[in-house]
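Enquirer: Could you look at this predicted model? Sequence included:
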Amino acid sequence: MKKGTGSRAASAASKVLRTSTSQAVLKAAGSALTQSKAPVERTSAAAAKAASSVLRDGRTSKAAKTAAASTLAQRQK
C-alpha cells in the first residue's frame, strides 16, 4: 500500500517550513511535503531519524509533530 502525505499534514509541513529554524524539524517537514505530490517517494533514514527526534522533543509545535508523524508513517519497512 502506498501512502502519501494528506492535505492536513502537508499544510502543517508547509507552515513549519515557513516558521522553523530547527534542522531536524525542517528535514522532517520537507520530507512530508515532498511526499504529498509524489506518494511513491519513501522517507530516507536521515529524514526518519530527524522526524523521530522531532516527535520526542517536547518543545516542538503541533504542526511540526504532525509533519514528523507523516514522515515516519511513510518510512519503508
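Expert: Cool, the structure landed.
Enquirer: right, and the helix or strand after the lowest-mean-pLDDT helix or strand in the chain?
Expert: Within the chain, judged by mean pLDDT, DSSP states H and E, the helix or strand with the poorest mean is helix 23-37; its value is a mean of 85. Downstream of helix 23-37, the first helix or strand assigned by DSSP states H and E is helix 45-56.
Enquirer: Tell me which residues of that following helix come out buried.
Expert: Neighbour counts using 16 or more other Cβ atoms under 10 Å place Ala47, Ala48, Ala50, Ala51, Ser52, Ser53, Val54, Leu55 of helix 45-56 among the buried residues. For glycine as for every other residue, the C-beta is placed from the backbone atoms N, C-alpha and C.
Enquirer: Where does pLDDT dip in this protein?
Expert: Scanning the chain for pLDDT under 70 picks out the ranges 1-3, 38-39, 77.
Enquirer: and if we set it to 90?
Expert: 1-13, 16-17, 19-22, 26-47, 58, 67, 69-77 (pLDDT under 90).
Enquirer: quick one on the thing from earlier: which pair of the buried residues of helix 45-56 spans the longest distance?
Expert: Taking Cβ to Cβ as the measure, these span a maximum distance of 12.6 Å, between Ala47 and Leu55.
Enquirer: Put together JSON lines for the buried residues of helix 45-56, with distance to Arg75 on each row.
Expert: JSON lines is the format used below for these (distance: Cβ to Cβ, whole Å):
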{"residue": "Ala47", "distance to Arg75": "8"}
{"residue": "Ala48", "distance to Arg75": "5"}
{"residue": "Ala50", "distance to Arg75": "12"}
{"residue": "Ala51", "distance to Arg75": "8"}
{"residue": "Ser52", "distance to Arg75": "10"}
{"residue": "Ser53", "distance to Arg75": "14"}
{"residue": "Val54", "distance to Arg75": "14"}
{"residue": "Leu55", "distance to Arg75": "12"}
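Enquirer: Leu72: which of these is nearest?
Expert: Out of the buried residues of helix 45-56, the member with the shortest distance to Leu72 (by Cβ to Cβ) is Ala51, at 4.8 Å.
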